[in-house]
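Visitor: Here's my sequence, what's the structure:
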Amino acid sequence: MRKLRFAEAVCPGHPDALADAIADGIVKLACGRDREALVGVEVAVHREAVFVDGRIAAGEGRECAVTLADVEAVAREAYRAAGYGASPAGFFAPAPEALRPSFDLCLDPLGTEERAVRAVSDDQAICVGHAVEGRRAGFVPLEQALARDFAAALAGLRRARPGLGLGPDGKVLVAARGRRVVGVSLSVQHRPESEWSELTRAARAACEAVAEEYVAAGELRPLRGVEWLVNGAGAFEVGGPLGDNGLSGKKLVAQAYGAAVPIGGGAVFGKDPRKVDPRGQALARRMALDLVASGQAREATVWLAFRPGDTEPRWVEVETMAPRR
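Guide: Sure thing, here's the model as predicted:
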């Protein structure tokens with residue numbers, strides 16, 4: 001019997017996801033103002049506090065093309081987009097306007113000499129890319145695709161049915177064996193007055209609807225005997241940064257391929273696309289995906305190792321499983 005495989009995902013209002021969204025928003029802002037911008041930032045959130053540190057070098061003038069006011073606006077918008085503050089589903093703290101941002105950032109323009117070596121790796125990195133058969137799953141492991149899509153379904157349910165009183169925070173755990181789902185755990189933030197049985201039915205139904213798409217695509221067995229658990233620890237009324245602290249780059253495995261695929265370990269959020277971690281991971285994924293999507297392999301994993309000063313990976317290792325005949 002094939003072994004169990006596990007994966008997890010979080011909703012946009014999870015504190016780690018909030019931190020990643022802020023970091024990603026800063027990168028997009030800087031690169032939107034300077035295509036060659038150098039960005040390396042980290043974000044921490046807790047209660048109303050938002051702390052951002054690192055460096056942003058962008059623009060060719062005397063000052064950085066990104067200001068502290070810009071970074072603060074990105075942070076508040078990330079909370080707003082996730083569903084914090086007043087919303088049709090109710091009020092969930094902390095409100096964007098109540099945040100207390102603080103910064104330890106180096107902001108400067110990107111000089112000519114540094115701009116000229118943006119293609120050179122400024123650090124070492126081990127980058128892993130993986131792909132496996134399954135177009136509906138986006139060529140990632142089935143359990144990982146399901147976890148991500150279930151989390152997205154919960155976020156969509158919050159917006160589509162505000163009467164349920166769902167909050168921005170949430171987590172999903174999926175256990176699968178082969179092409180069969182064994183168990184699903186859903187943790188969904190909600191208002192104190194939310195109707196428990198209706199919330200449970202709706203959350204499960206939203207995920208089952210997604211799973212049926214995989215069944216129709218032939219990538220998942222029909223859902224039979226699945227062990228479902230919704231809010232197994234009880235009421236989930238206090239969530240997000242009020243319930244836990246968050247840090248960018250903490251969800252490396254959840255954002256990659258799940259627990260079944262070893263990864264290199266470098267975070268990508270908060271780093272501009274020219275930095276070696278996001279650039280190398282994107283290249284490794286593209287190489288693995290090309291092998292699977294072209295029919296040369298049914299599963300492929302690519303390892304790329306960079307040294308400081310490299311413009312291309314110094315070492316490349318590829319492992320594949322032959323396509324079915």
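
Visitor: tell me the contacts of the nearest residue to G111 once chain neighbours are set aside?
Guide: For G111, ignoring the flanking residues on the chain, the nearest one in space by C-beta to C-beta, 6 or more residues apart in numbering is A57 at 7.7 Å. Where C-beta positions appear, they are placed from N, C-alpha and C, glycine not excepted. The contact partners of A57, by C-beta atoms under 8 Å, 6 or more residues apart in numbering, come to A37, L38, V39, C64, C106, L107, D108, P109, L110, G111, E114.

Visitor: Mind jotting down where the strands sit in the stretch 1-150 of the chain?
Guide: 4-10, 38-46, 49-57, 85-87, 90-92, 100-108, 125-132 (DSSP state E, counting those that start in this stretch).

Visitor: what's the most buried one of the ones you listed?
Guide: Greatest average neighbour count among the strands of the stretch 1-150 of the chain goes to strand 125-132 (a mean of 24), per mean count of other C-beta atoms under 10 Å.

Visitor: Now that one: average pLDDT?
Guide: Strand 125-132 shows a mean pLDDT of 97.

Visitor: pull the CA atoms of it into PDB?
Guide: Extracted in PDB, the C-alpha atoms of strand 125-132 (Å, rounded to 0.1, in the frame of the first residue of the first chain):
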ATOM      1  CA  ALA A 125      21.800  28.900  -2.600                       C
ATOM      2  CA  ILE A 126      20.400  25.400  -3.100                       C
ATOM      3  CA  CYS A 127      17.300  25.700  -5.300                       C
ATOM      4  CA  VAL A 128      14.900  22.800  -5.900                       C
ATOM      5  CA  GLY A 129      12.200  22.500  -8.500                       C
ATOM      6  CA  HIS A 130       9.700  19.700  -8.800                       C
ATOM      7  CA  ALA A 131       6.900  18.700 -11.200                       C
ATOM      8  CA  VAL A 132       4.600  15.700 -11.400                       C
END
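
Visitor: Note down every partner strand of that strand and its orientation.
Guide: Its sheet considered, strand 125-132 pairs with strand 299-306 (antiparallel) by DSSP bridges.

Visitor: neighbours of T320, just the number please.
Guide: 16 (other C-beta atoms under 10 Å).
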